[in-house]
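> Below: sequence and its predicted model.
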Amino acid sequence: MRAAGWHYNRSMDSGRLGRVLGIGTRLAARTLVQAVDAASAANPHASPVQQKPSKAENAGRVAAARATGTAGKLHVTGRGLAAGGKRFGEAVWGPLAKASGALWLELTGVFFGMFAVFAGANAWKIRWALHETAANHDAHSRLLMSVAMAAVFGYFCVSSFVKANRRSRA
């Protein structure tokens, strides 16, 4: 039970949370600035006049770096950057390529459908030439060509939309 005269106030909690987050942010920024200053400061234990290292000393440092694995870590970091770039490319371009491929299949399906409709309409106009006689040989040939064209383009239309549907789901 609550004590008399005390009530719950949400604004006090959010205000307190804001103060805590603000103080934490300022402390983190101050720590970061101190770390940067310490890293960029001159070495207090170094001799006042440093001589240029000889080639032998540089070779020794390179050998020590190879022995400790520092050079390997740098190489691994480069590979990590390349792998990260590849994953980023796959994440961005993969869905875009998938969508554009499905859109292209749908567009070609529409064009095949238009050709199938025109061929079907032509076949419907000359349907009277279904039975071939000596007088209507050319009309009968055109009817058969129109029916075949409508069937082939109709198949291409349907298969394009089926492939687009599969590609968009996969």
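In hand now; what should we look at?
> excluding its backbone neighbours, what's nearest Lys115?
That one is not Lys; residue 115 is Phe. Phe153 (4.3 Å; C-beta to C-beta, 6 or more residues apart in numbering). Heads up, the C-betas are built off the backbone N, CA and C, glycines and all.
> what mean pLDDT does whichever strand or helix holds the one you found have?
Using DSSP states H and E, Phe153 maps to helix 137-169. For helix 137-169, mean pLDDT is 93.
> Go through it and flag the buried ones.
140, 142-143, 146-147, 149-150, 153-154, 156-157, 160-161, 163-164, 167 (16 or more other C-beta atoms under 10 Å).
> now stretch 113-128
Within stretch 113-128, judged by 16+ other C-beta under 10 Å, the buried ones are Gly113, Phe115, Ala116, Ala119, Gly120, Asn122, Ala123, Ile126.
> May I ask which helix or strand of this structure has the lowest mean pLDDT?
helix 55-68 (a mean of 63; mean pLDDT, DSSP states H and E).
> next structured bit after that one?
Downstream of helix 55-68 (by DSSP H and E), the next one is helix 70-125.
> which residues of this protein score low on pLDDT?
Applying pLDDT under 70 to the chain flags the ranges 1-15, 17, 44-78.
> Find the centremost residue of it, please.
The residue lying closest to the centre of the chain (C-alpha atoms, centre = their mean) is Val92, at 1.7 Å.
> Could I get the contacting residues of Lys98?
Arg167, Ser168, Ala170 (C-beta atoms under 8 Å, 6 or more residues apart in numbering).
> returning to that earlier point: from the buried residues of stretch 113-128, pick the one nearest Thr25.
Using C-beta to C-beta, Gly113 is the member of the buried residues of stretch 113-128 that sits closest to Thr25, with 60.3 Å.
> pretty sure that closest one contacts Phe153?
Yes: Gly113 is within contact range of Phe153, at 7.4 Å (criterion: C-beta atoms under 8 Å).
> Dump the buried residues of stretch 113-128 to TSV, plus distance to Asn136.
Output for these, formatted as TSV (distance: C-beta to C-beta, whole Å):
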residue	distance to Asn136
Gly113	29
Phe115	25
Ala116	24
Ala119	19
Gly120	20
Asn122	15
Ala123	14
Ile126	9
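> Pick out the most distant pair among these.
Gly113 and Ile126 (21.0 Å).
> what sits against Phe111?
Here Phe111 is in contact with no residue (C-beta under 8 Å, 6+ apart).
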